[in-house]
Structure formats: structure tokens, C-alpha cells
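# Here is a sequence with its predicted model. Questions after.
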Amino acid sequence: MSSSYLILGGCGFIGRHLIKYLLDEKLASKIKVADRTLPMMCNMHESYEALYDNEIVTFKQADLSRADHIERAFEDGPFDFVINLAAETKLGLAETEYKDKVQGLTVNVAKAAAAAGSKFIEVSDARVLKPSKKPAPEDASKDPTTNLAKFKLAAEAELTQIPDLQYVILRPAVVYGPGDQNGVIASRLVCAAVYKHLGEKMKFLWDGKLGINTVHVTDIARAIVHACKELPSGAVYNIADSGCTTAGSINEILGNMFGIKTGFVSAVENTAAKMKLSMVTGIVNDKHLKPWAELCKKDGIFDTPLSPFLDKEVLGNNHLNVDGTAITATGFKYRVTQMTEGKLRQMVNEYVEQGFFPKSVL
């Protein structure tokens, strides 16, 4: 039976794929999207922008860090399910930004969901888990590796204390796929293009064993719906494919895609990076940004959301090894079990279609 959904932050990368899945599978009778940014301003491919014109989809512009805008979002209810994808996602900001726009926002929209009698799905972050060389299960020790994850974890704790709230928490690993424009994988695709342009070997910090576990965006969208329909209140699940993606496996794919040599810096350089990561990050970004601008200009691209910029929070020597198997015991099946060159080519092909990525390096 079809259900009604309120998708907070529904114009973002995951949100557009969730809407597509709900519409394609005819799983929704009503979808309301609340986001601070209009769909046409989100740099999305035209095929996704069209989703918001569907007759069962309504859009309300709302800044969900404001109480009156939360009320605006919950108008026209009740909704069976409220999915929270609304939070500050940029890295490297002041802690106060995350406290307000991650922890505070999440708790406030969850309270509104409880008052409305809606089941609440919180999309958290697997980076709340303590870095481990082995895949970490849901109950593993917590030690967030980014400020964003720190306040995601704080929000998770507060959800358990909200009276009458039915909730499920999902913790995705690095999410990638078409529409990813600011994530870890998007940035590395751009870096690979830069090194193709420079004619140099692409070398990253640390080594090839560094865990950067992933999940395809279509699977996190499906997991959200599974959480709505099948998972009991209070459940917490990691979402990560079984491919055990590493820095080395990503490099191998990028090397094949762009015809470049890849590798990792020396032990001496890694030691220096451990001592002065901020300085090293700045040097790395300076090396990438100018040639990226030159490459885009060469191909007549003067406005692109894509960037090779890498924040020091994701450049640290922190494993993200995530055990995402527990949810499969509830009937969920991953359709994309590992990152492949084909999946990354889909991303790049979409960038090229949108005029965001230089075709000359392919």
C-alpha cells in the first residue's frame, strides 16, 4: 500500500534518488519535499529536476534550522514517514554551525515528527564509528573523525530521549553515484582529471590499505524505504556495500579510467603530513585548483560545482571500514555490491552532459 512521505532536505544528492525510487516503484501516495534550495538551483541533471514536477510531489522552501520553517514543512500532513536528509554537509566549518544545523536541526524536526505521529528516519554518518582496520559493526566504539559526524552522533543520542518518537537511524559509509558533486569520490574523480591534464602520477597520502568504504546512492535510497516499512523503532544500521573499498582500489579504478599512473606518497611525506596536516592539505589543494580551472577554461566550462578541493577532515589517516551486513538479516539486499569503473563512468558521463566536466580528458 502506498504511503505518504515528508522528505526534509529532499533536493540534495540522496533526496533526489529517494524520490526517483519512490516514484519508479509506485511506493508513495504523496511526497512533500522541504529544502532551503529550490530544485532548479541545485545543479541537478534535468532528469532529476523533472521528478519535482510529478503530480504527487509538492515542494516547500524551508530553512529547517528555523522553528517557523519546521512548522511550514509539516503542514499538509499527517505523513506516514519523515526522512531527515536536512543538515549541513560541508566539512571544515565551525563547530557552532554543526551544533545548530546538524544536532539542533535533527532534534527539532524529530520532535515535530513525534508530535505528528510520523515514523522518523535519521540518515546519520558511519564516520561516527571509531576508525578500525576491520569492518566496524553498529555497536563498535564511537570516535567521530569529523565535526559533522561528532554532531550527528550527539543527535543520535538525543533521539533516544524524545518521548513517543518512532525512529530508525541509518549510518551510510561514503555515498557515491550520479549527482554526487561534493563528496569524496567526486573530488577524487576531479583530481584524476587534473593529473591527466598535468601528465603526472597521482599520489595520495597514506597507503592503499586505507579503508574508504562506500555505498551507492541507489542503495541508500532503497535502505531508507526499507527502514520506513520494515525496521522496528530504535533500530540502528550501518549501510555499506561488501566491496571493502580502499584508497588503493579507488586509485586503481581512476588509473584505468583516465589512463594515469597512481600511487601513494613516501613514508617521509606521510610522517610530515601527520605532524602538519593542515599545511599539507593546503599545499595539495593549491596544486590541484589552478590546473582544474585551466582545464575547465580549455573546454569552455566557466561554471561548475565540481572541485578537486579535499578537506583535511577526510584527508586524515582514518580508516572508514564499515560492516554493513546486519541490515541484510532484515530482508534488505544491496544491488551494488562494490564500486566499479562502470559506476564511476556513469557519474562522469552525467557531469559531461551537464557541462560540468571537461570531456577532453576522457
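Arrived safely, thanks for sending.

# going forward, measure contacts between C-alpha atoms and count neighbours the same way
OK.

# same question for the helix ranked longest in the chain, mean pLDDT?
Counting residues, the longest helix in the chain under DSSP state H turns out to be helix 277-298. Taken as a whole, helix 277-298 has an average pLDDT of 91.

# Could you list the residues in contact with it?
When contacts are defined by CA atoms under 8 Å, 6 or more residues apart in numbering, helix 277-298 is touched by residues 190-191, 193-194, 197-198, 273, 302, 307-312, 315-316, 357-358.

# Give me the subset of the residues you listed lying in strands.
Of these, none are assigned to strands by DSSP state E.

# quick one, helices of the stretch 251-362 of the chain?
With DSSP state H, counting those that start in this stretch as the criterion, the stretch 251-362 of the chain has helices at 267-275, 277-298, 312-315, 341-353.

# wait, which of the ones you listed is closest to K99?
Between K99 and the helices of the stretch 251-362 of the chain, the tightest spacing by CA to CA is seen for helix 312-315, at 17.1 Å.

# For the protein, list the residue farthest from the centre, please.
Centroid-distance maximum for the chain: V268 at 32.3 Å, with CA atoms, centre = their mean.

# Now do the contacts for Q354.
H45.

# Count the neighbours of A193 for me.
Other residues lying near A193 total 29 when counted by other CA atoms under 10 Å.

# So, low pLDDT: which residues of this structure?
Residue ranges of the chain with pLDDT under 70: 1.

# let's see it at 90
Applying pLDDT under 90 to the chain flags the ranges 1-2, 77, 87-95, 97, 205, 265-284, 310-317.

# Okay, domains of it per the record?
Domain assignment for the chain by automatic domain parsing gives 3-175+214-239, 181-212+244-320+340-361.

# before we move on, the earlier item: C228 is nearest to which of the helices of the stretch 251-362 of the chain?
helix 341-353 (26.8 Å).

# Return the set of buried residues in the closest one.
344-345, 347-351 (16 or more other CA atoms under 10 Å).

# Can you list the neighbours in contact with the strand or helix carrying A223?
A223 is part of helix 217-230 when elements are defined by DSSP states H and E. The contact list for helix 217-230, computed with CA under 8 Å, 6+ apart, reads 14-15, 17-18, 21, 81, 83, 119-121, 168, 170, 172, 175-178, 239, 330, 332, 334-336.

# Mark which of these are buried, thanks.
With burial judged by 16+ other CA under 10 Å, the buried subset of the contacts of helix 217-230 is 14-15, 17-18, 21, 81, 83, 119-121, 168, 170, 172, 175-178, 239, 332, 334, 336.

# Among those residues, which are located in helices?
Within these, residues falling in helices by DSSP H are 14-15, 17-18, 21.

# Among the residues you listed, find me the one that's closest to M40.
When those are compared for distance to M40 (CA to CA), G15 wins out at 14.1 Å.

# Next up, the contacts around the closest one.
Per CA under 8 Å, 6+ apart, neighbours of G15: 7, 9, 85, 221.

# what's the closest non-adjacent residue to D125?
R171 (4.5 Å; CA to CA, 6 or more residues apart in numbering).

# Hmm, L129 and the one you found touching each other?
No. Under the criterion of CA atoms under 8 Å, R171 makes no contact with L129, lying 9.4 Å away.

# Pick out whichever of these two has more residues nearby.
L129 (26 against 23).

# Backbone dihedrals for the more buried one, please?
phi -80, psi 150 (degrees, to the nearest 10).

# Skipping its backbone neighbours, what lies nearest it in space?
K142 (4.4 Å).

# What values do phi and psi take at the one you found?
phi -110, psi 140.

# For it, the count of nearby residues, please.
Neighbour count for K142, taken as other CA under 10 Å: 16.

# I'd guessed it sits against K130; true?
Yes. K142 lies in contact with K130 (CA under 8 Å); the separation is 4.7 Å.

# and L64, which of the three is it?
At L64 the chain is in coil, as set by DSSP: H, G, I helix; E, B strand; the rest coil.

# mind listing what it touches?
35-36, 70, 86, 105, 109.

# Now tabulate the residues you listed in CSV and tack on neighbour count and distance to L64.
Conversion of the contacts of L64 to CSV gives the following (neighbours: other CA atoms under 10 Å; distance: CA to CA, whole Å):
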residue, neighbour count, distance to L64
D35, 24, 8
R36, 17, 7
I70, 19, 5
A86, 26, 7
L105, 23, 6
V109, 24, 8
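
# Just flag the most distant two among those.
Spatial extent of the contacts of L64 (CA to CA) is set by the pair R36 and V109 at 14.4 Å.

# Quick one: residues in contact with stretch 260-274.
Against stretch 260-274 from outside (CA under 8 Å, 6+ apart): 192, 195-196, 199-208, 248, 251-252, 254-255, 279-280, 316-317.
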